[in-house]
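[1] Let's see this in three dimensions:
(chains A, B, C and D)
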4 protein chains.
Amino acid sequence: MSSSRSIERIAVITSGGDAPGMNAALRAVVLAAEHDGIDVVGFRHGYEGLLNNDYMKLGRHEVEHILQYSGTIIKSARSERFKSDEGGIEAARNLDAQHVDAFIVIGGDGSFRGANHLAKFWQGPIIGIPGTIDNDLYGTDHTIGYDTAVETAMDALDKIRDTAEAMDRVFIVEVMGRNAGYIAISSAMASGAERMILPELQKDKPLTIDALVKHVEGVNRVRGDSSYVMVLCENQWPGGAVRLAEQLEDRLNFPCRPCLLGHVQRGGRPTAMDRILATRLGVYAVQLVQEGITGVMAGIERNELVTTPLEDTWVKRKVLSQELIDIQTKWFNPIKKDRHKATVDKA
Amino acid sequence: MSSSRSIERIAVITSGGDAPGMNAALRAVVLAAEHDGIDVVGFRHGYEGLLNNDYMKLGRHEVEHILQYSGTIIKSARSERFKSDEGGIEAARNLDAQHVDAFIVIGGDGSFRGANHLAKFWQGPIIGIPGTIDNDLYGTDHTIGYDTAVETAMDALDKIRDTAEAMDRVFIVEVMGRNAGYIAISSAMASGAERMILPELQKDKPLTIDALVKHVEGVNRVRGDSSYVMVLCENQWPGGAVRLAEQLEDRLNFPCRPCLLGHVQRGGRPTAMDRILATRLGVYAVQLVQEGITGVMAGIERNELVTTPLEDTWVKRKVLSQELIDIQTKWFNPIKKDRHKATVDKA
Amino acid sequence: MSSSRSIERIAVITSGGDAPGMNAALRAVVLAAEHDGIDVVGFRHGYEGLLNNDYMKLGRHEVEHILQYSGTIIKSARSERFKSDEGGIEAARNLDAQHVDAFIVIGGDGSFRGANHLAKFWQGPIIGIPGTIDNDLYGTDHTIGYDTAVETAMDALDKIRDTAEAMDRVFIVEVMGRNAGYIAISSAMASGAERMILPELQKDKPLTIDALVKHVEGVNRVRGDSSYVMVLCENQWPGGAVRLAEQLEDRLNFPCRPCLLGHVQRGGRPTAMDRILATRLGVYAVQLVQEGITGVMAGIERNELVTTPLEDTWVKRKVLSQELIDIQTKWFNPIKKDRHKATVDKA
Amino acid sequence: MSSSRSIERIAVITSGGDAPGMNAALRAVVLAAEHDGIDVVGFRHGYEGLLNNDYMKLGRHEVEHILQYSGTIIKSARSERFKSDEGGIEAARNLDAQHVDAFIVIGGDGSFRGANHLAKFWQGPIIGIPGTIDNDLYGTDHTIGYDTAVETAMDALDKIRDTAEAMDRVFIVEVMGRNAGYIAISSAMASGAERMILPELQKDKPLTIDALVKHVEGVNRVRGDSSYVMVLCENQWPGGAVRLAEQLEDRLNFPCRPCLLGHVQRGGRPTAMDRILATRLGVYAVQLVQEGITGVMAGIERNELVTTPLEDTWVKRKVLSQELIDIQTKWFNPIKKDRHKATVDKA
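    Purely as a prediction, here's the structure:
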């Protein structure tokens, strides 16, 4: 995987759904490269920019004050055209035309598949930096943007809780995550939500409206309260939070209110954790390409910098923490709660 | 309207949809009353608490550290029962049983209708304090909670803008306001949204999907950009932001993403402006009841404390600023923009 | 003051201490000017840029996404050189060389003095827009940046209160305001501070450490509490919050902790209120110069757009609300609190 | 260390400087205990409450909605009295009088020393939960409150940067950390500060004003800019940020502005990361006492729950990441930057 050669110019793109902290990663790549006397060019709109030869030079000046902003100054996009052999060849040709020696892509698994596609047609070192709010990449404990998205979802849930305490209600807050429950479970735990609906929990037996009604009634009986907050991961209920709220209201005879956060979760100032993660991975990626490492994602596992083959990041599956699931579902919000029984059980 | 008598005990309720700053108003009532040697009791869950005789004493200790929290420590609710004559009589009886001399209700127009209903059966001074995020009460330039709701909507719109700049998209953000466009127009202007859909603008001719498509295409042609943010006031489009996004996406062949803020807008730390407004009105209401004033709402118009008969607050109509409408629709986001023509027009 | 002529190019500067919302005002000037077919150029670093002929064209593209950021894209500065006749002549010459027809300055009283100085040497319409966090300009109820600075100070005070409730302490938070107590009184009221030290209150008799000690002890005796938060306006105590905390700790034998917010108050996302104010005033200024109005500040009083001669903005004195002072010092935090006596006094 | 026995009542205290997330830890202890049929009592004001037998029952109701608030509902304090043998004996007597079977203390190293002191006089299981913003405890990668404090410091630094970009200035922001540079280095990296002054970096050779002047001038020459932000850890410069700003201004002939965040860093809504950490450790602590484990701190290292003997937490020393130090000082802000030379060095 490694064969060192002198790197004089690095190309970088941000690709796929944008994530807070992508700018911080760009900045780190540029400052680290500058330190080592390497030029950086950024292609705009992800792989589309590679095809269109649409690039800009990225120096200290361009990245100096982008650390605190989400979005990405070189824009992001998804590209269908690039997926063909013709697309890969064209991209490789443009990289060579610009004298690019190494390529860094900041994005999610779709972006990394693109990187592997590019590697079929281009020989320089290619490194992936995990930038997606969904946190669904194997090979890194956290992806850039995930912590910020959790904060944003938690902030909305906190506000919902303020009003839930004032007027008894059921609230359903739909959060992002694609097919993974990371944002949902973390924001649910952080905000003390009574229920979360995650793909990981619904795998074996599909969730029914009956089961949800039973949980609302059961939990509220235990708590002697009638406010109840549910975190719904996107794609886990037909019609989403809006439809689920209607269905629950029909059944519970009680006001149920939806909230759909949507792309709000992609914005906002990146958290310190995301900026630091992005900075570390950006510097690390520049080190890796200079060592001739290629075809891997730079990540952080158990606090340490690690690399993982790009393909593993989507083929292998990061597992949601069972400890967190247990706390939320068994310790804190069990449907049946019979304290005397529990005491007896322990005897 | 005024016949002074000694006030020894004030009852206060928060009623209807809760609004950030209601707690600040409660605190001000209690501290001002304490200063004048008056007791305060709070009935819980609005008029429901009056019927159920469910109250708590509110002293300095109970309200000391609630200023910064939204929600309401005496809870809010809507009450159907209270609307009958029997309800009014029962409420009056309970106020007398608790030796209440004056009554203050913090809420919106429904709460003030309730106050007028109560006045049919109870003789003490009754004062309304405007607490609703919708800002739709005649007789006060701002209602408590409105400024905070605008900040919350603006914050979501800012985050949407972050991601809109990274990836070209159309976004539709649905905000509250019941039948008034205050939150919508203020958050749209504050965030630089390209379009707002308000009841005040759709009165004469119903909005069509064709008109919206034309505006998106027209504005983006002028700006040479393809991100576009629309603020939709609730109840102004069948199916709300979710449905409108589907319809626009069909027509524009371009990703359109909805966001439904919902009750998030009722939560969050109240802004300084809301806390100061609530504090001023709470102190003023305590002064008014001691002067024997009754049947009015305490408000602030053009920076001055004023009173308005309760009935006027919902019968008369506060008008949305034409200046703001013009800035958003004529100055900043006109559909047709032909600079040469504009110059000629001026000649 | 008015003699209409055709305006084809407006120059704009931001001058003096920057304030959140200056960018929003710039954007409004540019968008309104573009609507009327007028060019805008921005001179950098305030009057310094006028002297150095350092300017940039400001079009829709330059200002499109600056609404939500504090600071100023054309930078600000103070200029000694400009104050001389030579400076004024040079500035006028450069405005003419760039074919500028009208001049808009966003800043505080120093900036407006500069505008009057310029008017001695240059004939076009000159309009001031009030941009300063201190809110100390006659002729407008609010200046751009003031509301954001109050929010920032309040946010710090809220956080201090969190920890004050956990551990009994005296805290002194020093806020900005130059020689005016606006930020101090508003943030004190909004956060429920027990005490504020303002220039307006100390005018007649200088504040002594004895009086402060007496107030801390008196208020805490009434409240039965030992946490106490004091808001200190800058320049009102020798050595500021750091020195005052040492002195109080010596006397009270109790931990006293200072906090010095400093320039943090100039940053942060502008609030909705500041952005809307900036937008309205920016559009209004463009209208005014086209009407040939000159030598005035565009402001908002009692919710309406008004103009005030520039000189009045610093010669006349805006008065701090006595209502707010009374609430904070008489109603809520009196040193002596004798409830029976208060009751008797009213009899 | 382990000898299981039935636990029916747990006592908990929060001790020492409060930290955001302490309430979340309390809640987790209570909910987990309730799940297992265990009562919880909270002694108020830390070890002081143990001496004064000042306690409250903590059930689901008391902790239901405290997750999102900083501070601690059972208050915190430092206690001199408790450190004596008499204090320890009295505390043990009170625990026995209340039929307490296990003891959990949330705090920093002083609190853990107290726990070891208590263990001399009392036999039940004792567990420490790391709650301090300083992050200076061996045996856990993060302490509760640290992430929130970093966010708060970063937020202030972001705001400083806004204004620094508008007007060229040197800013010095003093942050907490006691004798450790965790908050300083993380907030410096997250905000892109040009310089940090940490105890860990000043150990060998004391920092001089000359060295600082040289760095400001050197860095700004490289960047072609004159704004510069320095993060100063408390206790690392005589007179703190205020004095250092005066000294630098004297030398640089350039405005230098101090900011002293102080206890603001202890407040604010805890971040998701702090709440989740607190929740995990609270549940874990309840598990540990039931297993009869005693004399250890519950922590998280490399994402896993671990225990560390209490004494190790202050005797052994957690080391600041050299990777982070290198990024900040060598990669991003070297004093001398000679690009050609750097290139040659690599050759």
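
[2] Is A:Met56 located within a helix, as I assumed?
    No - residue state for A:Met56 (DSSP: H, G, I helix; E, B strand; the rest coil) corresponds to strand; a helix is not indicated.

[3] Go through stretch A:8-27 and flag the buried ones.
    For stretch A:8-27, the neighbour count (16 or more other C-beta atoms under 10 Å in any protein chain shown) marks A:9-27 as buried. All C-beta atoms are positioned from the backbone trio N, CA, C, and that covers glycine.

[4] Quickly check: it near chain C or not.
    No - figure legend: stretch A:8-27 not in contact with chain C (C-beta under 8 Å from any C-beta of the partner chain); closest approach 13.7 Å.

[5] for A:Thr279, what are its contacts?
    Listed by C-beta atoms under 8 Å, 6 or more residues apart in numbering or on different chains, the contact partners of A:Thr279 are A:24-25, A:27-28, D:189, D:327.

[6] switch to 10 Å and redo it
    Residues near A:Thr279 by C-beta atoms under 10 Å, 6 or more residues apart in numbering or on different chains: A:21, A:24-25, A:27-29, A:31-32, A:67, A:144, D:189-190, D:192, D:324, D:327-328, D:331-332.

[7] which ones among the residues you listed are found in helices?
    The helices, defined by DSSP state H, take in A:24-25, A:27-29, A:31-32, D:189-190, D:324 from the contacts of A:Thr279.

[8] Let's see if you can find the most crowded of those.
    A:Ala25 (33 neighbours; other C-beta atoms under 10 Å in any protein chain shown).

[9] Low-confidence bits of chain A, can you list those?
    A:1-5, A:335-347 (pLDDT under 70).

[10] ok, now with 80
    Applying pLDDT under 80 to chain A picks out residues A:1-5, A:204, A:221-226, A:334-347.

[11] mind checking the SS state of A:Val173?
    strand.

[12] Hmm, it is touching A:Glu194, no?
    No - between A:Val173 and A:Glu194 there is no contact under C-beta atoms under 10 Å: 11.5 Å.

[13] Need the overlap of contacts for these two.
    A:188, A:229-231.

[14] so what's the residue of the stretch 51-200 of chain A found nearest chain D up against?
    The nearest approach of the stretch 51-200 of chain A to chain D comes at A:Ala190, 3.8 Å away (C-beta to the nearest C-beta). Residues near A:Ala190 by C-beta under 10 Å, 6+ apart: A:150-151, A:153-155, A:157-158, D:24, D:67-68, D:270-276, D:278-279.

[15] rerun that using 8 Å as the cut-off
    A:Ala190 touches A:150, A:154, A:157, D:67, D:272, D:275-276, counting by C-beta under 8 Å, 6+ apart.

[16] Restrict these to the buried ones and give me that as a ChimeraX selection.
    Only the buried entries of those go into this ChimeraX selection, using 16+ other C-beta under 10 Å:
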select /A:150,154,157 /D:67,272,275,276
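
[17] and which of the shared contacts of A:Val173 and A:Glu194 is nearest chain C?
    Nearest member of those to chain C, counting by C-beta to the nearest C-beta, is A:Val229, at 23.1 Å.

[18] And the contacts of the helix or strand containing that closest one?
    Per DSSP states H and E: A:Val229 is located in strand A:228-233. Strand A:228-233 is contacted by residues A:153, A:157, A:160-161, A:164, A:169-177, A:180-181, A:183-184, A:187-188, A:191-199, A:212, A:216, A:219-220, A:240-241, A:244 when judged by C-beta under 8 Å, 6+ apart.

[19] Please list which of the residues you listed are also close to chain C.
    Counting by C-beta under 8 Å from any C-beta, no member of the contacts of strand A:228-233 reaches chain C.

[20] Tell me the spacing between the residue in the stretch 1-150 of chain A positioned nearest to chain D and A:Val286.
    Residue nearest to chain D within the stretch 1-150 of chain A: A:Gly37 (3.6 Å; C-beta to the nearest C-beta). Separation of A:Gly37 from A:Val286 (C-beta to C-beta, to the nearest Å): 11 Å.

[21] so what's A:Tyr146 up against?
    Residues near A:Tyr146 by C-beta under 8 Å, 6+ apart: A:19, A:132-135, A:182-183, A:274.

[22] Of those, which is the nearest to B:Gly42?
    The shortest approach to B:Gly42 among those belongs to A:Ile183, at 38.3 Å (C-beta to C-beta).
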